[in-house]
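Undergrad: Below: sequence and its predicted model.
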Amino acid sequence: MLSQQLVNGLVLGSTYALFALGFTLIFGVLRVINLTYGFYFSVGAFVALWLARSFGASIWIALPLGSLAAGLVAVVVDGVLLTRLRRTKAGELPSLMVTLGAVLALYSLMAALIGTDIQRFPFGFVGSTALEFAGIRVSLVQMLIVGTAFVLVAVLFLLLQHTRLGLMIRALAENEDAARLMGINVDATVVAVSFLSGLLGGAAGVLIGLNFNAIQPFMGEAMMLRGFAVIIIGGLGDIRGALVAGILLGVLEVLTAGYLSSNAKEAVGFTILVLTLWFRPVGLFGRAQVKRA
Amino acid sequence: MFRSFLVTGAVAVAAVAVTPAFAQQTVTVGAIEILSGPSAAYGTAIKAGLELALDEINAAGGVLGGKKVALIVEDSAGNKDQAVNAARKLVGRDKVPVIIGPTLSNEMFAVGPVTNERKVVTVGTSTTAVGITAMGPYIFRTSLPEADVVPVTLKTAQEKFGVKTIAMMYANDDAFSKSGFDSMKAAAEKLGLKIATIEAFGSKDSDFSAQLTKIKGLNVDAITVSALVEPISGVVLQARQLGIPASVRFIGGNGANSPKLGEIAGEAAEGLLVGSPWFVDKKDAINDKFVADFRKKYSKDPDQFAAQAYDTMHIVAKAIDTAGAAESDKIRETLLKTNHTGVMGPFTFTEGRDPASTEGVVVLGMKGGKFQILQ
């Protein structure tokens, strides 16, 4: 039973990590608490659902197209809402308030257009058979989630550390003015980061919607709190941190529910969050910021 | 304190001044239902049921010698505060003598004290938690409390399928789910069922693997779940995914009584048992007409919530008519003497303003993604 619980924790943790990747990217690079992120998650799931239902698309088509659509939505939403604030260097609080208002409007719009009924991908969209070895059961979707989480972390890491775009993004994260003075096209880089984060959010939406069979406009809202916990524990803007913190949170939640009390499950993540903020406010992997004059 | 005193006084004066002019053409009844947000499906069904009944009442000449009944439906979005604000608006501005709703027991616990204090009759059509009507003499409900339905379901499971050991699951952040669980637990203990474990989850959770893995190791005969339909669907799906065999039956509380369950959980829900005060295929003349009219007006099947709302609208209209005036106190008196035969069968209120009879309860079993009356 312990091994099954650990697998459960790994899968749950991977869903948290998947969700948190794009979120931490926006936070770390654009320095914006963008609450519309949960909306991109819902968009990805609904576009994939629509493709699967209307065109009989397979997961291998629905997943990339759903993510792509969420990426494009992110570029538009981010551009419309935040460009103005960014130009005037309005800071974190105004962007928080703007995205808070916007995300409520966007969810309601989506609910009005699509309805709030909970929906699911067609039966048999991904084989529902579970593999069983040594008493542990894992379904195809669950393996897909864990695999995708790890692959995306690796790809993002390579992108940030070893490409020109990655260098530009890191420079932007470090200091926007300096980046601009060095000849980096900051606006284009911002668009790229928005797109990437939307893409990641969308992919998470498709896979998590697939695993839990519960797609509805507000699905992103429920994930946001966990997302916050994960990116703070992992360190703002830290890709590896998001993966490790996500899995840590998932495993601890499952073990708490399995062996202690299912009533205490919710408390775990937020206790770690508070402890992190007390003792290691930069997160597991974060380095303290040094301000140089 | 002083301030609220003033406001109450002002409203009372306004009410006296306005009522005569107001009461001429129509009698306005208020309703507070969830029309937006994740639980909008419940409120939308209730609104449909109310409006279907309203059409019939007005087509048959209305109430109080030819006055039309009008209905104002306020949206609570499933939010307690919004529900209370809606109640204040209906009482203060629209001066309705009767409020139908709100949708969830959670909301009713917030709204009840407000409307009861203002002496406005409030009739819940879908609030099944324990203690609703205990809030005050103006609070009624037409929905059978879960405490009356659940024992029938569990007894059937025990007698028909030999269920002896059960695991119990419930959503611990919602009054409806918790109260349903309390009723289930009391009923299970009374029937002598062995409770192997009790597991909680959050009503917005989508992962139940930890709790279900634990239950899998306990070899129970059945698993009871008290929650709304969304989390129940998730529980059932994940249970089968984790390899809990189909021979372990699920027994649902009132929240499981929704066609959504079959749509989302599919084969995983096969064999699930639920008790219901009403069922679409129940054969009698009143029900047949209701189902046919509902299908004609909305092009879909009614659910339990629409059926309860439909009966309630008729019960309320009848009470207004016999009261002889659209005044809350008189309506309260006539409501207590209700004797109505509707789609849920014969209906009277207990002295505690709850439904009196469990005669209409049917136990349903899930078969091929649809509920059927258990033979």
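TA: The structure has been received and is ready for your questions. Numbering: from 1, shown residues only, chains lettered A, B, ... in the order given.
Undergrad: contacts, neighbours, all on C-alpha from now
TA: Will do.
Undergrad: does whichever residue of the stretch 1-150 of chain A sits closest to chain B count as helix, strand or coil?
TA: Nearest residue of the stretch 1-150 of chain A to chain B, counting by CA to the nearest CA: residue A:116, 5.3 Å away. Using DSSP: H, G, I helix; E, B strand; the rest coil, the structure places residue A:116 in coil.
Undergrad: Tell me how many other residues surround the residue nearest to it when sequence neighbours are not counted.
TA: Spatial nearest neighbour of residue A:116, excluding adjacent residues (CA to CA, 6 or more residues apart in numbering or on different chains): residue B:38 at 5.3 Å. Residues lying near residue B:38 (other CA atoms under 10 Å in any protein chain shown) number 21.
Undergrad: right, and residue B:67 touches residue B:25 too?
TA: Yes: in this structure, residue B:67 is within contact of residue B:25 by CA atoms under 8 Å, at 5.6 Å.
Undergrad: Neighbour count: those two, which is higher?
TA: Taking neighbours as other CA under 10 Å, residue B:67 and residue B:25 compare with residue B:67 leading, 16 against 12.
Undergrad: Could you give the bridge partners of the more buried one?
TA: As for beta bridges, residue B:67 partners with residue B:63 under DSSP bridges.
Undergrad: Contact partners for it?
TA: Residue B:67 is in contact with B:24-27, B:61, counting by CA atoms under 8 Å, 6 or more residues apart in numbering or on different chains.
Undergrad: who touches residue B:239 in this structure?
TA: Neighbouring residues of residue B:239 by CA under 8 Å, 6+ apart: B:209, B:212.
Undergrad: Confirm that it lies within a helix, as I assumed.
TA: Yes: under three-state DSSP, residue B:239 falls within a helix.
Undergrad: Tell me how far it lies from residue B:260.
TA: The gap separating residue B:239 from residue B:260 is 18 Å, by CA to CA, to the nearest Å.
Undergrad: Same question for residue A:95.
TA: 38 Å.
Undergrad: And residue A:135, by the same measure?
TA: Going from residue A:135 to residue B:260 by CA to CA gives 32 Å.
Undergrad: In terms of neighbours, single out the busier of the two.
TA: Remark: of residue A:135 and residue B:260, residue B:260 carries more neighbours, 19 against 11, as counted by other CA under 10 Å.
Undergrad: unless I'm mixing things up, the more buried one is touching residue B:231, no?
TA: No: with contacts counted by CA under 8 Å, residue B:260 stays clear of residue B:231, the gap being 11.3 Å.
Undergrad: Pretty sure residue A:232 sits against residue A:283.
TA: Yes: between residue A:232 and residue A:283 there is a contact at 5.9 Å, judged by CA under 8 Å.
Undergrad: Same drill for the two, tell me which one is more crowded.
TA: The neighbour count for residue A:232 versus residue A:283, taken as other CA under 10 Å, is higher for residue A:232 (27 against 23).
Undergrad: for the more buried one, helix, strand, or coil?
TA: When classified by three-state DSSP, residue A:232 comes out as helix.
Undergrad: ok, now which ones touch it?
TA: By CA under 8 Å, 6+ apart, residue A:232 lies in contact with A:273, A:276-277, A:281-283.
Undergrad: Filter those residues down to the buried ones.
TA: Using 16 or more other CA atoms under 10 Å in any protein chain shown as the burial test, those include A:273, A:276, A:281-283 as buried.
Undergrad: export those to CSV and tack on pLDDT and secondary structure?
TA: Shown next, in CSV, are the buried ones among the contacts of residue A:232 (pLDDT from 0 to 100; DSSP: H, G, I helix; E, B strand; the rest coil):
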residue, pLDDT, secondary structure
A:273, 89, helix
A:276, 89, helix
A:281, 84, coil
A:282, 83, coil
A:283, 83, coil
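Undergrad: So which of the residues you listed would count as near chain B as well?
TA: Subset of the buried ones among the contacts of residue A:232 in contact with chain B: empty, counting by CA under 8 Å from any CA of the partner chain.
Undergrad: mind listing the strands for the stretch 1-150 of chain B?
TA: In the stretch 1-150 of chain B, the strands defined using DSSP state E, counting those that start in this stretch lie at B:26-33, B:68-75, B:98-100, B:121-124, B:139-141.
Undergrad: same question for the third one, mean pLDDT?
TA: Averaged across strand B:98-100, the pLDDT comes to 97.
Undergrad: Show residues contacting it.
TA: B:29-32, B:87, B:90, B:120-125, B:328.
Undergrad: Select from these the one having the most neighbours.
TA: Of all the contacts of strand B:98-100, the highest neighbour tally under other CA under 10 Å goes to residue B:32, namely 31 neighbours.
Undergrad: That residue bridge partners, please.
TA: Assigned bridge partners for residue B:32, using DSSP bridges, are residue B:74.
Undergrad: That one is in contact with residue B:77, isn't it?
TA: No: applying CA under 8 Å, one finds residue B:32 not in contact with residue B:77, separated by 9.4 Å.
Undergrad: what touches both of the two?
TA: Shared contacts of residue B:32 and residue B:77 (CA under 8 Å, 6+ apart): residue B:83.
Undergrad: Please identify the helix or strand for residue B:294.
TA: Residue B:294 belongs to helix B:285-298 when elements are defined using DSSP states H and E.
Undergrad: Can you list the buried residues in that helix?
TA: Neighbour counts over helix B:285-298 (16+ other CA under 10 Å) mark B:287, B:290-291, B:293-294 as buried.
Undergrad: quick one, phi/psi of the residue lying closest to residue B:145 once chain neighbours are set aside?
TA: Nearest non-adjacent residue to residue B:145, counting by CA to CA, 6+ apart: residue B:128, 4.2 Å away. Note on residue B:128: backbone dihedrals following degrees, to the nearest 10 are phi -110, psi 0.
Undergrad: repeat for residue B:225
TA: phi -130, psi 130.
Undergrad: Is it bridged to anything, and to what?
TA: Counting by DSSP bridges, the residues bridging with residue B:225 are residue B:169, residue B:252.
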